[in-house]
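Chemist: Could you look at this predicted model? Sequence included:
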Amino acid sequence: MTMFKAGMLVVVLAAGVCLAEQKTLSGYIVDQACSADILKKGQAAAKAHDVGCALMDDCVKSGYGVLTADGKFITFDPAGNKRAVAALKASKKKTDLQVTVTGDVGGDSIKVASLKMN
């Protein structure tokens with residue numbers, strides 16, 4: 001019976017690993033502090049969201065995500081948040097902060113493997 005339980009645990013853990021799927025997402029990079037308001041207002045608000053706001057202390061602390069064309073907000077993991085800050089600081093754009101993100105998507109979050117401002 002103990003061996004059966006151990007075997008089932010391995011199956012359950014393996015299934016959990018398979019839930020995350022490598023994907024590439026495109027959309028607007030948005031900080032989580034502003035995300036609820038931007039989600040209500042739509043893509044035009046995401047396009048108008050400026051880098052100055054996205055780099056404010058509270059916005060940086062809140063973390064980031066990508067707002068996709070179909071209106072989903074997918075949050076970044078801590079490493080992705082660091083990549084987002086670096087990309088925003090390096091960006092010459094003030095608004096229209098489009099991004100392409102690749103990583104393991106699970107539910108409404110992504111473990112970021114790469115992030116590129118468009």
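Modeler: All right, it came through fine.

Chemist: Leaving out sequence neighbours, find the closest residue to residue 21.
Modeler: Sequence neighbours aside, residue 105 is the residue nearest to residue 21 in space, at 5.5 Å (criterion: CB to CB, 6 or more residues apart in numbering). The C-beta positions use only the backbone N, C-alpha and C, and glycine is treated the same way.

Chemist: so who does that neighbour touch?
Modeler: By CB atoms under 8 Å, 6 or more residues apart in numbering, residue 105 lies in contact with 20-23, 25, 74.

Chemist: average model confidence for the longest strand along the chain?
Modeler: Assignment by DSSP state E gives strand 21-31 as the longest strand of the chain. When pLDDT is averaged along strand 21-31, the result is 97.

Chemist: The helix or strand following it versus strand 21-31: what angle between them?
Modeler: Using DSSP states H and E, the next helix or strand after strand 21-31 towards the C-terminus is helix 32-41. Here the directions of helix 32-41 and strand 21-31 differ by 90 degrees (axes from the mean of the first three to the mean of the last three CA atoms, to 10 degrees).

Chemist: just the helices in the chain please.
Modeler: Assigned by DSSP state H, the chain shows helices spanning 2-19, 32-41, 43-48, 51-54, 57-62, 78-90.

Chemist: how about the last one: buried residues?
Modeler: Pointing back at helix 78-90 there. By 16 or more other CB atoms under 10 Å, the buried positions in helix 78-90 come out as 80-81, 83-85, 87-88.
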